[in-house]
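> Structure for the following, please:
(2 chains)
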Amino acid sequence: MSNDIKIKNGLTINIKGAAENIIKKAAFPKSISLNPSDFHLIKPKMVVKVGNHVKAGDVVFYSKDNEEIKFCSPISGIVKDILRGAKRKIIEIVIDSDKTQKSKEFEISNLENLNGNDLKKLLLGSGCWPFIKQRPYDIIANPLDSPKSIFISTLNTAPISADFQIILDDQKNEFITGVQVLKKLTDGDLNICIEKDSKTFINEINDVVIHDVSGPHPAGNVGIQIHHVDPINSGEKVWTINPEDVAIIGRFFLTGVYNPLRTIAISGPPVKHPQYYKTIIGSKLSKIINDAGVKTGEQLRFINGDILTGSTVDKDNYLGFYNNTFSILREGNHYRMFGWIPFINNKVPSIYKTSFSWIFPDKKYDLDTNINGEERAFVVTGEMEKVFPMDIFPMQLLKECMVGNIEKMENLGIYEVAPEDFSLIDYSSSSKIEAQHIIRKGLDLMISEVG
Amino acid sequence: MNIRNTIDNLKKPFNKGEKWEKFAPAFNAFDTFLFVPNHTTKHGAHIRDAVDLKRTMITVIIALLPALFYGIYNTGFQYYSQLGIDYNSMDLMIHGSMKILPMIAVSYIVGLTVEFAFAVFRGHEINEGYLVTGLLIPMIMPVDIPLWMVGLSVAFAVFIGKEAFGGTGMNILNPALTARAFAFFAYPTYMSGNKVWVSEASNIDGVSGETILGMLASGNSALPYEPLQMFIGSIPGSIAETSTLMVLVGAFILIFTGVGSWRIMVGSVIGAAATGLMFNLWGANELMNFSWINHLMVGGFAFGVVFMATDPVSAAQTVKGKWIYGLLVGLFCILIRVFNPAYPEGVMLAILLMNVFAPTIDHYVIQVNINRRLKRSLKTVKAA
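Coordinates of the predicted model:
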């Protein structure tokens, strides 16, 4: 069974440095890190202390608000450091590998005999639970909820982001097992969105609903797909999970150990050999970046995630928990004389035809992080709708989020959106509105006021 | 980059904690005019589109230039041709420039002074919107209006029309039309009648210049102008509104670059054409008998619809709202022309009226969306 989702409004941004179809195995990391800021609104309660020995799958910390949600070590080794910031907030937990990779083992009986609750317990205990996220709010799912449906988007339309088909290619069994597990967590449909006309093994999975998605970014965003298939109403929950995380769950049920392998696309214009690396969640990245090679002599920005939604990190930092893309951009801290005059500086593309970039729709650009202007009041209307394929008024919703009018936010569809859906508005706004930031604050307000 | 270093040095006293910190917005306005700043993204998307408000506004100014140049030419043309003395095109441009450039200068000086003062006072950056407003205001005034009236209208428009509501992006009325409406009601003898549309008409006996709509309103149907003249624009009228052709060039620039809303423009033309056609069939007075095509070409209709009604801040903001807003601007423009002899030209009042109603239109368009969402959620509650 398959359905079509056609997205019209959106934007394909062509950037140089997309990862080539090569998967390299990265050396086993000397150390890894867990970064609580990857888990939005989770307040960590530490279980281990510096110097403790942990196996892969041992609990490192759990959520103060829900003790069942546990975060486990991806490798075996010694807790080297627990970095704290202001107000003793935990910033980073670093674990040095002992190179043995011993894992905590779980007893798993035949999958067919396990019901939803048994599966939830296993997922929670093994550290696999944080991969499951919920809409509304785009946070880790609450195990007590029963979602009306689950969505997996296996296409990635963000510029120079990882291609999930390449990543899933050698994890077919794991992915299928993971899908079977997730299917039991909902009474509704398990929806898998694939790129239209792609010949993937996912087409052959039974008991799931397949959606053929076509169109420009943000067609690959799972929130956009949910909106077109089964929109979220007040009080409803939908769970979402990234494709490779489905495979991690599948691997856990096949082997009984938590082994969070991550295939990461290193991409971006300054990368010499943009390609994929197979490593472990939380790995230290400097070796991989050096292997891919970056142009020297320039100030660079390293991003955990894609260039529209990722978070900035240092080169010495570690791979994030969720992202399959690691992007590198040149910093754009330079001036451009009279750069605001139309048809000047055509090396920066534009949704307006005020730059000659429209003549070459397929040209790939070497964009940097310059804002190309300054933040201003909302002036131009209609530009947000062009890149926002939902039956929602984006500008009106943003304005209500800014003033924190909960009733209006609810009416205008706050439950259906996630910050990533506003990333193209960030990109294309002529007033340089920080839309993702505003929406995240709006969602957080909803969580604290409505729950 | 030497200029850059010079600016950075000059900027030092304006930095945080220095003595002229308060005046930083004023300095930044000049700085960012010369250079797109070196700011990099901090939150959200790491890359950004080339477009910013400066670029959008400059595009509108470029779109205005053909109409402005023709306005300068036509000012000279009306003057010399009525006087009956020999002239060459150089004379026309010189006469027009002498009249119009001082008005533009006054408009920018007064308006930008108020804008800068508010930016410093409120501590925000200077918005670029006034670059367009400041050019629009002289373009829609009669050519002989005294400069002090231009200055006063500008000050009124920026103070009351814009800053009183909270500045750029918050105003309800289009600031340029606010300026014109202010002058229109405060100094009616300088803004309407048959002596103000041609340069020096009130001082020299030989020159008179009634607008076509003025003639029609006074019951005179023997027009001395051909439709082609109305289209090209060699007729009396406010400075830059007369040439439908040049306005169309501007409209093309706005629509092609995506800066102006084609929905509002097309909606207005449809609204005005339909209303005009309806009155043609009725035909009770001269203005009703005036062909609907000519209605679209005379007066400020084309200019108002392309450059004023499309002001994104004061127009409707939703896609459907823009259509409704446009249609109603066209409808009211012709209605006012036909039914109100005191105001032969209705486009200014039609747009201002619809500016006031634009939030209401948007409210109902959005309400449809909200109701659809509520209905959907009730359905699932029932099913459950």
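
> B:S192 and chain A, how far apart?
For B:S192, the distance to chain A equals 32 Å [CB to the nearest CB, to the nearest Å]. Heads up, the C-betas are built off the backbone N, CA and C, glycines and all.

> any idea where the helices of the stretch 201-350 of chain B begin and end?
Under the criterion DSSP state H, counting those that start in this stretch, the stretch 201-350 of chain B contains helices at B:212-217, B:227-232, B:244-257, B:262-282, B:286-289, B:292-297, B:301-303, B:319-339, B:347-383.

> Can you say which of those is packed in most?
helix B:301-303 (a mean of 29; mean count of other CB atoms under 10 Å in any protein chain shown).

> Now do the contacts for the residue of the stretch 351-451 of chain A found nearest chain B.
Using CB to the nearest CB, the closest approach of the stretch 351-451 of chain A to chain B is made by A:G373 at 2.5 Å. Neighbour list for A:G373: A:340, A:430, A:432, B:36-37, B:48, B:51-55 [criterion: CB atoms under 8 Å, 6 or more residues apart in numbering or on different chains].

> Turn the residues you listed into JSON lines, columns for pLDDT, secondary structure and neighbour count.
Formatted as JSON lines, the contacts of A:G373 follow (pLDDT from 0 to 100; DSSP: H, G, I helix; E, B strand; the rest coil; neighbours: other CB atoms under 10 Å in any protein chain shown):
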{"residue": "A:W340", "pLDDT": "81", "secondary structure": "coil", "neighbour count": "26"}
{"residue": "A:S430", "pLDDT": "90", "secondary structure": "coil", "neighbour count": "27"}
{"residue": "A:K432", "pLDDT": "90", "secondary structure": "coil", "neighbour count": "23"}
{"residue": "B:V36", "pLDDT": "83", "secondary structure": "strand", "neighbour count": "28"}
{"residue": "B:P37", "pLDDT": "84", "secondary structure": "coil", "neighbour count": "18"}
{"residue": "B:R48", "pLDDT": "91", "secondary structure": "coil", "neighbour count": "26"}
{"residue": "B:V51", "pLDDT": "88", "secondary structure": "coil", "neighbour count": "31"}
{"residue": "B:D52", "pLDDT": "88", "secondary structure": "coil", "neighbour count": "26"}
{"residue": "B:L53", "pLDDT": "89", "secondary structure": "helix", "neighbour count": "25"}
{"residue": "B:K54", "pLDDT": "89", "secondary structure": "helix", "neighbour count": "24"}
{"residue": "B:R55", "pLDDT": "89", "secondary structure": "helix", "neighbour count": "28"}
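
> mind listing what A:S283 touches?
Listed by CB under 8 Å, 6+ apart, the contact set of A:S283 reads A:26, A:29, A:32, A:262, A:318-319.

> Which of those fall within strands?
With strands defined by DSSP state E, the entries of those inside them are A:32, A:262.

> Please name every helix or strand in contact with the longest helix seen in chain A.
Ranked by residue count and defined by DSSP state H, the top helix of chain A is helix A:435-449. Judged by 3 or more CB pairs under 8 Å, 6 or more residues apart in numbering or on different chains; DSSP states H and E, helix A:435-449 is in contact with helix A:394-403, helix A:406-412, helix A:423-428.

> Grab the nearest non-local neighbour of the residue in chain B positioned nearest to chain A.
Nearest to chain A, among the residues of chain B, is B:D52, at 2.5 Å (CB to the nearest CB). Closest residue to B:D52 apart from its sequence neighbours, by CB to CB, 6 or more residues apart in numbering or on different chains: A:G373 at 2.5 Å.

> in what helix or strand does the one you found lie?
Under DSSP states H and E, no helix or strand contains A:G373.

> With distance to A:P159 as new columns, can the helices of the stretch 201-350 of chain B be given to me in TSV?
Shown next, in TSV, are these (distance: least, CB to CB, whole Å):
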stretch	distance to A:P159
helix B:212-217	53
helix B:227-232	46
helix B:244-257	23
helix B:262-282	28
helix B:286-289	56
helix B:292-297	44
helix B:301-303	41
helix B:319-339	26
helix B:347-383	30
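
> Throw those into CSV and include mean pLDDT and distance to chain A, thanks.
CSV is the format used below for the helices of the stretch 201-350 of chain B (pLDDT from 0 to 100; distance: least, CB to the nearest CB, whole Å):
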stretch, mean pLDDT, distance to chain A
helix B:212-217, 82, 31
helix B:227-232, 88, 27
helix B:244-257, 94, 5
helix B:262-282, 93, 8
helix B:286-289, 80, 34
helix B:292-297, 88, 24
helix B:301-303, 93, 21
helix B:319-339, 93, 6
helix B:347-383, 90, 4
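
> wait, which of those is closest to A:I194?
A:I194 lies closest to helix B:347-383 among the helices of the stretch 201-350 of chain B, at 26.2 Å (CB to CB).

> mind listing what the most centrally placed residue in chain B touches?
For chain B, B:M308 is the residue whose C-alpha lies nearest the centre (CA atoms, centre = their mean; 3.6 Å). B:M308 makes contact with B:136, B:140, B:174, B:176-177, B:347-348, B:351, according to CB under 8 Å, 6+ apart.

> Now the two most distant members of those residues.
Most distant of the contacts of B:M308, by CB to CB, are B:L136 and B:V347, 13.4 Å apart.

> which among the contacts of A:S283 are in contact with chain B?
Near chain B, judged by CB under 8 Å from any CB of the partner chain, there are no entries from these.

> Closest one to chain B out of the contacts of A:S283, please.
Of the contacts of A:S283, the one sitting nearest to chain B (CB to the nearest CB) turns out to be A:L319, at 17.3 Å.

> pLDDT score assigned to that closest one?
On the pLDDT scale, A:L319 is placed at 93.

> go on, A:S2?
A:S2 is given a pLDDT of 65.

> quick one, domains of the chain?
Just going to use chain A. The record's domain parsing of chain A by automatic domain parsing lists A:2-27+A:115-255, A:371-449.

> wait, I meant chain B there
Per the record, chain B has its domains at B:1-48, B:53-369, by automatic domain parsing.

> Just list whatever residues bridge to the nearest residue to A:G268 once chain neighbours are set aside.
In this structure, A:G268 finds its nearest non-sequential neighbour in A:I328, 3.7 Å apart by CB to CB, 6+ apart. The partner list for A:I328 in beta bridges (DSSP bridges) reads A:F302.

> Can you verify my assumption that A:I328 contacts A:V271?
Yes: between A:I328 and A:V271 there is a contact at 5.5 Å, judged by CB atoms under 8 Å.

> Show me whatever sits in contact with both of the two.
With CB under 8 Å, 6+ apart, A:I328 and A:V271 have common neighbours A:17, A:294.

> Secondary structure element for A:K278, which one?
Per DSSP H and E: A:K278 is located in strand A:275-280.

> And the contacts of that strand?
Here strand A:275-280 has contacts from A:19-26, A:28-29, A:32, A:74-75, A:162, A:166-167, A:260-266, A:288, A:291-292, A:319, using CB under 8 Å, 6+ apart.

> got any ranges where the stretch 1-150 of chain A has weak pLDDT?
Low-confidence segments of the stretch 1-150 of chain A, defined by pLDDT under 70: A:1-2.

> Show me which residues of it sit near chain B.
Close to chain B, as judged by CB under 8 Å from any CB, the stretch 1-150 of chain A has residues A:13, A:15.

> Could you pull up the residues touching the closest residue to B:V249 other than its chain neighbours?
Once flanking residues are discounted, B:V249 sits nearest to B:P66: 4.5 Å by CB to CB, 6+ apart. B:P66 makes contact with B:243, B:246, B:249-250, according to CB under 8 Å, 6+ apart.

> now do B:A240
B:64, B:67-68, B:70-71, B:139-140, B:246, B:303.

> go on, A:K70?
Counting by CB under 8 Å, 6+ apart, A:K70 makes contact with A:59, A:61-63, A:124-125, A:127, A:129.

> where does it fall, phi/psi-wise?
phi -110, psi 150 (degrees, to the nearest 10).

> Noted, bye for now.
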